[in-house]
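Q: Structure, please.
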Amino acid sequence: MHLPMYRSLVGIGCRSINSLQQPLRSLSSQSSSPAADVSKGEEAAARPTWKRVKPVYVVPTWTPPPKKIVAAAVVERLPLITPDMRDWEEAMLDLQMRKLEAIGKRLPPEMEYKPHELHKTEADEYEAMTDEEIIATAYPRKTEADLKGDKRAAWRRLDRRVFLVIQRNKPADILQGETEWNFPQSLRQEGETMRDAVMRTMTTLVQDTAQLFPVGFCPMGYVDRGTGDDRSRVFYYKVQYIEGSLTPVKEIAKDHVWLLQEELKDYLDADLAKITEVICDQ
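A: Numbering: from 1, shown residues only. Down below sits the predicted model:
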């Protein structure tokens with residue numbers, strides 16, 4: 001009964017809304033003047049235009065892989081003591097100690113340590129030592145190898161990383177572009193993984209007298225040697241020296257040294273010395 005009246009009201013409402021929207025559309029169309037169009041044009045002209053530059057991709061020329069794949073072991077001995085403090089670090093530590101003594105609060109007398117009231121033990125006597133006495137009884141930071149300048153000892157420069165470099169005994173093991181001094185390396189055998197080739201190289205060099213740990217399965221870098229059929233690619237893997245006697249076999253290496261990162265360039269060839277700046281940490 002009320003449905004026709006509802007439809008009529010809805011129709012009136014829709015028509016009234018449309019009738020209101022038509023004057024608004026006419027006003028909006030009249031508001032766009034030539035001056036506004038000119039200002040929009042000037043704004044568009046002042047706005048910078050960016051043109052996308054298509055990148056140029058250079059596809060390297062394909063070269064056949066080298067026939068010889070060589071695995072090399074970069075044996076490192078990690079630091080065993082903390083590094084020496086710099087001058088500004090010592091000055092800062094001294095400033096902090098003097099500041100603590102100046103503004104620090106003392107304990108009440110009843111809470112202070114009274115050694116005469118307790119039974120002394122060896123630990124108590126050690127705690128009662130002064131800083132100078134403790135430093136005097138500590139293990140020396142410089143070893144006998146440091147005092148003698150012996151680079152063959154693995155226990156030199158305990159505050160830094162040192163790397164093993166050998167002087168090879170057989171000229172046949174020296175690749176084109178290399179010198180006698182190099183990291184331990186050997187040719188990868190058929191069906192052998194690179195990690196196994198690295199560990200076989202070290203086992204042949206030092207037998208079972210040292211405990212070594214290969215770090216990861218990926219190489220740190222590589223160097224191409226030679227040209228043509230004699231071209232070979234040497235991959236360098238990190239190996240950490242843990243403990244034991246690491247003395248190379250005389251048939252393979254007639255000499256060996258443990259070097260700092262900055263000392264490697266004095267023994268290795270130029271190409272290998274350049275890559276050691278990246279693969280060998282300070």
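Q: Across the sheet, point out what pairs with the nearest residue to D271 once chain neighbours are set aside.
A: Leaving aside its sequence neighbours, D271 sits nearest to V223 (CB to CB, 6 or more residues apart in numbering; 5.5 Å). Just so you know, the C-beta spots here come from the backbone N, C-alpha and C atoms, and that holds for glycine as well. With DSSP bridges as the criterion, V223 is bridged to V234.
Q: what residues are up against V223?
A: 233-234, 236, 271-272, 275 (CB atoms under 8 Å, 6 or more residues apart in numbering).
Q: repeat that for 7 Å
A: By CB atoms under 7 Å, 6 or more residues apart in numbering, the residues touching V223 are 234, 271-272, 275.
Q: Throw the residues you listed into TSV and include distance to G191, thanks.
A: Supplementary listing: these in TSV, determined by distance: CB to CB, whole Å:
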residue	distance to G191
V234	20
D271	29
L272	28
I275	28
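Q: Nearest to L93, out of those residues: which one, please.
A: The nearest member of the contacts of V223 to L93, counting by CB to CB, is I275 at 37.7 Å.
Q: where's that closest one relative to Y236, distance?
A: Counting by CB to CB, to the nearest Å, the gap from I275 to Y236 is 7 Å.
Q: L95 now?
A: Counting by CB to CB, the gap from L95 to Y236 is 44 Å.
Q: One more: Y267?
A: 15 Å.
Q: between those two, which one's more packed in?
A: More crowded of Y267 and Y236, by other CB atoms under 10 Å: Y236, with 22 against 18.
Q: can you map out the helices along the stretch 1-150 of the chain?
A: Remark: helices assigned in the stretch 1-150 of the chain by DSSP state H, counting those that start in this stretch are 3-31, 34-46, 87-103, 122-127, 131-137, 144-148.
Q: weakest of these by average pLDDT?
A: Mean pLDDT is lowest for helix 3-31 among these, at a mean of 45.
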